[in-house]
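K.L.:
can't give you the sequence, but here's the structure:
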């Protein structure tokens, strides 16, 4: 990877074959001194379909893969734990 590759960490919200929707949360201070939270949805390419809904993932920017996808899955940081329902 080159030095000027952007990486972000987000939470997987939706999974389809070979792509994900990841929500990235940013917090910044406004002019009144209060923190404002903004959420950005990005479309991510996941070739091996390793991530599931609820995973925390790290994604890197890449060349445009489709109309909306210009990010690729780098790694899964934290896997979704299974709930008690079975």
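P.N.:
Everything's here; your move. Because the structure is predicted, anything quoted here is derived from the model rather than measured. Residues are numbered from 1 along each chain as shown.
K.L.:
Going by C-alpha atoms from here, please, whenever you check contacts or count neighbours.
P.N.:
Fine.
K.L.:
pLDDT wise, what is the residue of the chain positioned farthest from its centre at?
P.N.:
Taking CA atoms, centre = their mean as the measure, the residue most remote from the mean C-alpha position of the chain is residue 32, 29.5 Å away. Note on residue 32: pLDDT of 95.
K.L.:
Quick check: residue 47 touching residue 16?
P.N.:
No. Using CA atoms under 8 Å, residue 47 makes no contact with residue 16, being 10.8 Å away.
K.L.:
rewinding a little: and the residue farthest from the centre of the chain, how close does it get to residue 38?
P.N.:
16 Å (CA to CA, to the nearest Å).
K.L.:
ok, now residue 21?
P.N.:
For residue 21, the distance to residue 38 equals 16 Å [CA to CA].
K.L.:
Also residue 77?
P.N.:
Counting by CA to CA - residue 77 and residue 38 are separated by 22 Å.
K.L.:
The two: who's more crowded?
P.N.:
Higher neighbour count among residue 77 and residue 38: residue 77, with 14 against 11, using other CA atoms under 10 Å.
K.L.:
Surely the more buried one touches residue 56?
P.N.:
Yes. Using CA under 8 Å, residue 77 is in contact with residue 56, at 5.4 Å.
K.L.:
List the residues that contact the closest residue to residue 23 other than its chain neighbours.
P.N.:
Using CA to CA, 6 or more residues apart in numbering and skipping residues adjacent in sequence, the residue nearest residue 23 is residue 41, 4.6 Å away. When contacts are counted by CA atoms under 8 Å, 6 or more residues apart in numbering, residue 41 touches 21-24.
K.L.:
Return the subset of these lying in strands.
P.N.:
21-24 (DSSP state E).
K.L.:
May I ask which of those has the most neighbours?
P.N.:
Most surrounded of these: other CA under 10 Å gives residue 22, at 28 neighbours.
K.L.:
so what's that one bridging to?
P.N.:
Going by DSSP bridges, residue 22 is paired in beta bridges with residue 12, residue 42.
K.L.:
where exactly do the helices run in the chain?
P.N.:
Along the chain, no segments are classed as helices by DSSP state H.
K.L.:
what residue ranges in it score low on pLDDT?
P.N.:
Residues of the chain that meet the criterion pLDDT under 70 lie in 1-4, 82-86.
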